[in-house]
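>>> Sharing a model that was predicted from the sequence below.
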Amino acid sequence: MPHIISPRRWSRGFAAGAIVVALGACSSILDVKNPNNVPESALENPASADAQANGALAAVVRMLSGITVPYAVATDELDWIGSRDAWFDLETGGLGNFLNEFTDGAFPHVGTARYLSDQTIRNLETFDKAGTLINRQSLAKAYLYGAVTYASIADMYDDYAFSSKTVPAAPVGRANMLKLYDTAIGYLDKALAIATASTDRYNLMAYRARVKHAKGVWGKISPEGSVNTASPLVNDAGAVADANAAIAIVDGDAKFNMVNNLEATAGINIWFEVNGRNEHRVGAAYTNLKDPISGATDPTTTASLAAFKAFGTQSGTHWVTSNRELRLILAEAALAAGNTAEFTTQINTVRALDGKPAYAAQIAAQQMLAYERQAQLWLMRRRLADMYRFGQTDPKWAANPNFKSASTTKGLLFPIPNIERLGNPCITNAAACK
């Protein structure tokens, strides 16, 4: 969990005295030193390993806080009720505008998380090879944070450029975004070879199942504009094996969450935007979600919405994955294989967690799967891909004459935004980086 140290609150008199002393000691009022500045060379010290891993975690949760907002607004998970036109574009499915101020504003946190995760992994791997890494569990955690970063980018973006500081990189292209899932899986493989605590091993195994499944889902909505709604189900043997292994480690209603206790920032913090600033509210599709078996308001979503409101306006918990999602992965694989008995068992195990009546073929199995994924995975950055592959749309989606929209381009994800395009000449001219 990232830890933020708040600045000291000095009394006015003490502060004034300090200023006098400081002015007397400096040749210029600009000649000051920040004691919190840490030179990059300090990262070469093995004693910094745990702090580096914690810094990577802080970057990842800040990334999720930012990009979850525009993603959820572009789906039916959140409804925009504010005044900024860029939110209206996202609300109506206009993901294709690289000039959108809110996807643009979130992107620096995405780039920071990606760079910092990779750099932390490289540093800790260097310590490990040299035999100077004191706590190898920090390396396992760094691998996990890197995996969350890579998989999240692949889930939400149609392209990415792996620039490094001031060195630009060419975009990899939509077809190669699949490889980001492979990088995430590779990181998780390495982490599982190190992690010893059962909780850590559950998180790693559960998330690896989720990433392998997401890779299969990506294949159903790619290439852009060619969504496979005729065969939307994923049956990945690796995802199934990992889901079963994770459940064997920790059964019941287990969850892998990441807590964000970073300060709220307007425009890029989901709790502030929804619970505080009220720029958005929970989507009507969720506040009015009715269970197709009982006809009653869905208790799963009701509980999720209440938990989100309880977080307040400054920080909260990112729901990453859970046994509920793992069982839905198992149910989907069974349905794809024609094993309706296993599908029913897994679906009902999930439904029983919230006291829902058992499913017994009252509706089509695929419809039941799509419904439970909608109810169980709110704000977990799965919804857009599910809407595409299950042929669902948000009533607010509309064609846009100025840029691509989810209404007319199925499988559309976020483009590389303007802030990266302005600083990276390779985005519009790949030859510039050859």
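Ah, there it is. Model, not experiment: these values are computed from the prediction.

>>> Now the helix or strand where L180 lies: average pLDDT?
Here L180 is covered by helix 178-192, with elements defined by DSSP states H and E. Across helix 178-192, pLDDT averages out at 98.

>>> got the buried residues for it?
180-181, 183-185, 187-188, 190-192 (16 or more other CB atoms under 10 Å). All C-beta spots, glycine's among them, are computed from the backbone N, C-alpha and C.

>>> Now for the residues you listed: which two are most distant?
Of all pairs drawn from the buried residues of helix 178-192, the one with the longest distance (CB to CB) is L180 and L192, at 19.0 Å.

>>> Including distance to T68, could the buried residues of helix 178-192 go into CSV?
Listed next are those as CSV, based on distance: CB to CB, whole Å:
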residue, distance to T68
L180, 18
Y181, 19
T183, 21
A184, 18
I185, 22
Y187, 21
L188, 21
K190, 27
A191, 23
L192, 26
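
>>> Domain-wise, how is this structure divided?
Using automatic domain parsing, the domain ranges for the chain come out as 44-226+396-429, 251-257+292-319+321-379.

>>> tell me the most buried of the ones you listed?
When the domains of the chain are scored by mean count of other CB atoms under 10 Å, the highest mean neighbour count falls to domain 44-226+396-429 (a mean of 20).

>>> looking at it, L180 is touching V148, isn't it?
No: with contact defined as CB atoms under 8 Å, L180 does not count as touching V148 (11.5 Å).

>>> ok, which stretches of the stretch 201-350 of the chain are helices?
Secondary structure of the stretch 201-350 of the chain (DSSP state H, counting those that start in this stretch): helices at 237-249, 270-271, 284-287, 299-310, 323-336, 340-352.

>>> Can you name every helix or strand that the longest one contacts?
Counting by 3 or more CB pairs under 8 Å, 6 or more residues apart in numbering; DSSP states H and E, the packing neighbours recorded for helix 323-336 are helix 198-220, helix 237-249, helix 340-352, helix 365-376.

>>> of those helices, which approaches S226 most closely?
The nearest among the helices and strands packed on helix 323-336, by CB to CB, is helix 198-220 at 9.8 Å.

>>> To L289, which of the helices and strands packed on helix 323-336 lies closest?
It is, among the helices and strands packed on helix 323-336 and with distance given as CB to CB, helix 365-376, at 6.3 Å.

>>> The closest one to helix 323-336, inter-axis angle?
Compare the direction of helix 365-376 with that of helix 323-336 by axes from the mean of the first three to the mean of the last three CA atoms, to 10 degrees and you get 170 degrees.

>>> got a list of contacts for helix 365-376?
Contacts to helix 365-376, defined as CB atoms under 8 Å, 6 or more residues apart in numbering, come from residues 232-233, 289, 291-292, 298, 300-301, 322, 324-325, 328, 331-332, 335, 340, 343-344, 347, 350-351, 359, 363, 382-383, 386, 390, 392.

>>> Quick check: what element follows that helix along the chain?
Past helix 365-376, the next helix or strand by DSSP H and E is helix 383-389.

>>> Quick one: residues in contact with that following helix.
Helix 383-389 is contacted by residues 71-72, 74-77, 155-156, 214, 217-218, 220-221, 227-229, 232, 370, 373-374, 377, 392-394, 406, 410-411, 413 when judged by CB under 8 Å, 6+ apart.

>>> now the next helix or strand after it: how far from the chain's centre is it?
Next along the chain after helix 383-389, taking DSSP H and E as the criterion, comes helix 418-423. Averaged C-alpha coordinates place helix 418-423 at 22 Å from its chain's average position (CA atoms, centre = their mean, to the nearest Å).

>>> Just list what helix 418-423 packs against, helices and strands only.
helix 101-130.

>>> Tell me what angle the helix it packs on forms with helix 178-192.
40 degrees.

>>> what mean pLDDT does helix 101-130 have?
96.

>>> Look up how far R421 lies from A284.
35 Å (CB to CB, to the nearest Å).

>>> how deep is the residue nearest to P232 when sequence neighbours are not counted tucked in, by neighbour count?
Leaving aside its sequence neighbours, P232 sits nearest to R389 (CB to CB, 6 or more residues apart in numbering; 3.9 Å). Close neighbours of R389, defined as other CB atoms under 10 Å, add up to 23.

>>> D242 now?
26.

>>> Could you look up the next helix or strand downstream of the lowest-mean-pLDDT helix or strand in the chain?
When each helix and strand of the chain is scored by mean pLDDT, DSSP states H and E, helix 12-25 comes last, with a mean of 32. Sequence-wise, the next helix or strand downstream of helix 12-25 (DSSP H and E) is helix 49-74.

>>> Pairing partners for the helix or strand following that next one, with directions?
Sequence order places strand 78-80 as the next helix or strand after helix 49-74, per DSSP H and E. Here strand 78-80 has these sheet partners by DSSP bridges: strand 280-282 (antiparallel).

>>> Tell me the gap between the partner strand and the middle of its chain.
On CA atoms, centre = their mean, the centre of strand 280-282 falls 19 Å from that of its chain.

>>> quick one: contacts of that strand?
By CB under 8 Å, 6+ apart, strand 280-282 touches 69, 72-73, 77-82, 87, 273-274, 305, 308.

>>> Closest one to K165 out of the residues you listed, please.
Among those, and counting by CB to CB, the member closest to K165 is V69, at 26.8 Å.

>>> distance of the closest residue to the closest one other than its chain neighbours from A49?
In space, and not counting its chain neighbours, V69 is closest to I270: 4.9 Å by CB to CB, 6+ apart. Distance of I270 to A49, computed by CB to CB: 30 Å.

>>> what's the answer for F162, then?
24 Å.

>>> got it, and D354?
Counting by CB to CB - D354 and A49 are separated by 41 Å.

>>> and if you look at K309?
38 Å.

>>> list the contacts for C426?
Per CB under 8 Å, 6+ apart, neighbours of C426: 161, 168-171, 432-433.

>>> Checking my notes, it in a helix, right?
No: with DSSP: H, G, I helix; E, B strand; the rest coil as the criterion, C426 is coil rather than part of a helix.

>>> for it, phi and psi?
phi -80, psi -20 (degrees, to the nearest 10).

>>> Report the spatially nearest residue to it, omitting neighbours in sequence.
For C426, the spatially nearest residue (CB to CB, 6+ apart) is C433, at 3.8 Å.

>>> any idea how far I419 is from the one you found?
Distance from C433 to I419, by CB to CB: 18 Å.

>>> Look up the residues forming beta bridges with the residue nearest to F88 when sequence neighbours are not counted.
Distance criterion CB to CB, 6+ apart; nearest residue to F88, sequence neighbours excluded, is W80 at 6.3 Å. W80 has these beta-bridge partners by DSSP bridges: H280.
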